Each structure stands twice: as C-alpha cells, then as structure tokens.
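Peer 1: only geometry, no sequence info:
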C-alpha cells in the first residue's frame, strides 16, 4: 500500500457495553468493569502469550470501529471543554482522527483457556463490545509511568462524581458480576458534557439490559433496568 500498510485484527473485546453511550471517557476510570479479549482463530496460540501473566497491566491498541469516517478534520470539540471549544485533533483523544486508532491501559486479571483458545480477562477497559484489537503490549512502569507529566487542558480526572440512587430490585436484573460496574459507570456521569436537563431521561444498553436514568443536580436516579 502506498504511504501505509495493512493490519489485521488480532482479537475482539467482549464487554457489557452494547453501544458507545455510557462508556467511560478514559480507561481505568471504572476499575469494576471487567472485559474479555478473545483472539481471532489465527492468533489463538498460547505461545503468543507466554510471559504475559508477569505483567499487571497491558496496553490495548484498537480501532474506533463505531467512529470510522471517510475524512478527518484538523480540529475537534473535546467533551472535556463542554463541546464548545475547538482543539487540534492531535492534542485530543477524539475518535475522529485520520487513523481511527485508540489506546487503553487495562489491568490484567488473568488468562483463561477454553474453546476460544487463550482469553485475557482485563479490568478498566473503556471499550464497546466487539471492538477490534490491533495489538497488545505490556505496560512497563519504569518508562510508561511519568509522574512529572503535564496534562494540558485535562490535567486530572474530573472531580465531580454523581451519587447514584438505584433500588436493589432494579440492580438485581443484571448479572451479579456487572452490578458494581454499572454503579461505577453511572457515577462518572455518562451524559454528554453539554446536557444538563433534569427532566430528560437517558438510556443505554449494559450487560444485556436497557438502563434508564435521569440526573437532578448531583443525584443520578435509576428509573428502570429491563433485560433485553
């Protein structure tokens, strides 16, 4: 290929997120989220993962498969700035890029072996179900952790977290392993940054259910959790 090269999807993510809405804005914000990295048949060779369990964290390099466009813009509107200010695309983590590639740091929980070959169990992923994985690399603390780094217009995680009110009987509609993750996702306020209508009802698919909620000030009130 001229000015480029072809790539193969080596794996796909299996997560509780059925759509983009609700996904944390960065990896690691909701550690309760557990996902699985299932390799494509060509790459289901246990030898390819030899030594990986010695690392606590991994880098996932993936494709923004739900945000692929024919062109690109040199500037975008980061949600962190309320969607009102334009910044250079290379100064953001926007999915709308010349090459729709994302990077996420996840915690490795373990490696399972079964009918799908070796499968990685990870925590903290900010990925939709079915997201294609392009590559996996180990996180190396001595070079990847830079305490002196400056975060530009996003110097730290947003301090605001919502108080989530969800009746136990609604939460019981989800698999037990996904309940704490849902509460963590909701506490991060999944609404677009520019929306603040206390009467508006929001909804998204999570762990095989449709979750509906509204937000009043600092309170997020879960209205229903209905299995699909």
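Peer 2: Great, that's in hand. Please read all numbers here as calculations on a predicted model, not as lab measurements.
Peer 1: Determine the longest helix present in this structure.
Peer 2: When secondary structure is assigned using DSSP state H, the longest helix within the chain turns out to be helix 176-187.
Peer 1: Next, the angle from the helix or strand following that helix to helix 176-187.
Peer 2: Counting by DSSP states H and E, the next helix or strand C-terminal to helix 176-187 is strand 202-206. With axes from the mean of the first three to the mean of the last three CA atoms, to 10 degrees as the basis, strand 202-206 and helix 176-187 are set at 150 degrees to each other.
Peer 1: ok, residue 77 touching residue 84?
Peer 2: Yes. Distance between residue 77 and residue 84: 6.9 Å, which falls inside the contact criterion (CB atoms under 8 Å). For every residue, glycine as well, the C-beta is placed using N, CA and C.
Peer 1: For the two, indicate the residue with more neighbours.
Peer 2: Between residue 77 and residue 84, counted using other CB atoms under 10 Å, residue 77 has the larger neighbour count: 18 against 9.
Peer 1: And what about the residue nearest to the more buried one when sequence neighbours are not counted, helix, strand or coil?
Peer 2: Taking CB to CB, 6 or more residues apart in numbering, and ignoring the residues beside it in sequence, residue 77 has residue 83 as its nearest neighbour in space, at 4.8 Å. Of the three states, residue 83 takes coil under DSSP: H, G, I helix; E, B strand; the rest coil.
Peer 1: Residue 83 touches residue 194, doesn't it?
Peer 2: Yes. Checked against CB under 8 Å, the pair residue 83 and residue 194 is within contact range at 4.6 Å.
Peer 1: Mind checking which of these two has more residues around it?
Peer 2: For residue 83 against residue 194, the residue with the higher neighbour count under other CB under 10 Å is residue 83, and the figures read 14 against 11.
Peer 1: Could I get the phi/psi values of the more buried one?
Peer 2: phi 70, psi 10 (degrees, to the nearest 10).
Peer 1: Distance-wise, check it relative to residue 151.
Peer 2: As judged by CB to CB, to the nearest Å, residue 83 and residue 151 stand 19 Å apart.
Peer 1: Over to residue 41?
Peer 2: Per CB to CB, residue 41 is found 40 Å from residue 151.
Peer 1: Strands along this structure, start to end?
Peer 2: Across the chain, reading from the start of the chain, the strands by DSSP state E fall at 11-14, 34-39, 57-63, 75-76, 87-88, 101-114, 117-123, 132-138, 163-165, 202-206, 209-216, 219-227.
Peer 1: quick one: strands adjacent to the longest one?
Peer 2: Which is strand 101-114. Strand partners for strand 101-114, identified by DSSP bridges, are recorded as strand 57-63 (antiparallel), strand 117-123 (antiparallel).
Peer 1: Throw those strands into TSV and include mean neighbour count and distance to residue 179, thanks.
Peer 2: TSV is the format used below for the strands paired with strand 101-114 (neighbours: other CB atoms under 10 Å; distance: least, CB to CB, whole Å):
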stretch	mean neighbour count	distance to residue 179
strand 57-63	20	24
strand 117-123	20	15
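Peer 1: would JSON lines of those strands with mean pLDDT and distance to residue 11 be doable?
Peer 2: As requested, the strands paired with strand 101-114 are exported to JSON lines (pLDDT from 0 to 100; distance: least, CB to CB, whole Å):
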{"stretch": "strand 57-63", "mean pLDDT": "97", "distance to residue 11": "9"}
{"stretch": "strand 117-123", "mean pLDDT": "98", "distance to residue 11": "8"}
